[in-house]
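**Q** sequence and predicted structure are below.
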Amino acid sequence: MLKIAIVEDEESYISVLQEYLERYRKESGESMEITVYRDGDAITASYRAQFDIILMDIEMKFVDGMTAAEEIRRVDSEVIIIFITNMTQYAIRGYEVDAMDYVLKPVSYFAFSQKIKKAVAKLQKRKDAYITIQIKGGMVRVNVEDIYYVESQGHNLLYHIADGIYTASGTMKSAEEELVKYEFYRGNKCYLINLGHVDGMKDKCAIVNGDMLQLSRGRLNGFMQALTRYWGEHK
C-alpha cells in the first residue's frame with residue numbers, strides 16, 4: 001500500500017489532488033492511504049518517516065513547503081517529495097531537499113499521473129533489490145531485505161535469511177562491496193550485518209533475529225554511528 005501525504009492549504013487543490021489520486025488508483029490498481037495536512041507545521045509536528053510520497057505545496061501561510069521539506073529530510077532521506085507550486089523558480093530549489101520533481105499549478109491530470117507513475121517506479125525499484133547467490137549445484141535469487149546478516153566461515157559465506165541459511169563460496173570483501181549500498185555494515189571480520197534487522201545492542205553485540213553478533217573493538221564505534229543514523233532515518 002502506498003502511503004501518501006498531501007500538504008496543501010487551498011481546499012480546492014486538496015480536492016483536485018484527492019480526485020487525481022483516486023483516478024490514478026483506479027487506473028493502476030495501486031492501493032493507497034492518503035493523509036491531508038493543511039500546513040507545513042502540521043506534517044512536521046509528528047513526522048516519523050511514515051510516508052512513501054509527499055505532495056507538498058510550497059507557498060503556505062505558516063510553514064512553507066521548502067522549510068517543511070528541510071525538517072523532514074533531517075529524519076527521512078528516503079521519502080519521495082513532489083512539490084506543487086505555481087512558481088517555477090521555487091520548484092527549482094527542490095534540489096536542495098532532494099525533491100524528486102514538481103508539478104505546476106494549475107495541475108493537469110496527465111502531468112500529475114506521470115509524476116506519480118515515476119515515483120511508484122522508483123519505490124518499486126528500491127523495494128525489489130535482489131542479489132544472486134552462488135550455492136553448491138546452482139544459484140538462488142534473494143531479496144536483500146530478507147537477509148539478516150552474512151557470516152564468514154572458513155572459505156564459505158553463510159547468508160542468514162528469513163527462510164533459512166544459504167551457503168555460498170566467496171569472500172567477505174566481495175559481499176560487502178555488493179551489499180554496502182543496501183545499509184549493511186561490517187561488525188567484525190566475520191559478520192556483515194543488515195542494519196534494518198538490528199533489534200538492539202547488548203554487551204558489545206548486535207542483536208539480530210535473536211542472534212548475538214560480537215562487534216570488534218575497532219568497528220564498534222563506526223557500527224554504532226551507522227546504526228544510530230539508520231534508526232534516525234527510519235523511525
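**A** Yes, it's here.
**Q** check the secondary structure at the residue nearest the centre of the chain for me.
**A** In the chain, the C-alpha nearest the mean C-alpha coordinate belongs to residue 78, at 3.9 Å (CA atoms, centre = their mean). Reducing the assignment at residue 78 to three states with DSSP: H, G, I helix; E, B strand; the rest coil gives coil.
**Q** and this protein, what are its domains?
**A** Residue ranges for the domains of the chain, per automatic domain parsing: 2-127, 130-233.
**Q** what comes up buried for stretch 14-28?
**A** Residues of stretch 14-28 classed as buried: 14, 16, 17, 20, 21, 24 (neighbour count, 16 or more other CB atoms under 10 Å). C-betas here are computed from N, CA, C, even on glycine.
**Q** between the residues you listed, which sits nearest residue 94?
**A** Residue 94 lies nearest to residue 17 out of the buried residues of stretch 14-28, by CB to CB, at 17.5 Å.
**Q** I'd say the closest one and residue 5 touch.
**A** No. Here residue 17 does not reach residue 5: they are 10.5 Å apart, not a contact under CB atoms under 8 Å.
**Q** how about low-confidence regions in this structure?
**A** Counting by pLDDT under 70, the chain contains low-confidence ranges at 88-93, 95, 126-128, 233-235.
**Q** try 80 this time
**A** Scanning the chain with the threshold set as pLDDT under 80 gives 61-63, 77-78, 87-96, 124-129, 163, 232-235.
**Q** which parts of it are helices?
**A** Per DSSP state H, the chain carries helices over the ranges 11-28, 40-45, 65-75, 88-92, 109-127, 172-179, 217-233.
**Q** using PDB, write out every CA atom in the second one.
**A** Going back to what we said before, that points to helix 40-45. Coordinates of each C-alpha in helix 40-45 appear next as PDB, following Å, rounded to 0.1, in the frame of the first residue of the first chain:
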ATOM      1  CA  GLY A  40       3.900  22.500   6.800                       C
ATOM      2  CA  ASP A  41       3.900  22.600  10.600                       C
ATOM      3  CA  ALA A  42       1.100  20.100  10.700                       C
ATOM      4  CA  ILE A  43       3.100  17.300   9.000                       C
ATOM      5  CA  THR A  44       6.500  18.100  10.700                       C
ATOM      6  CA  ALA A  45       5.000  18.200  14.200                       C
END
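**Q** so which of the domains of the chain is the most packed in?
**A** Burial of the domains of the chain is given as mean neighbour count (mean count of other CB atoms under 10 Å); domain 2-127 ranks first at a mean of 17.
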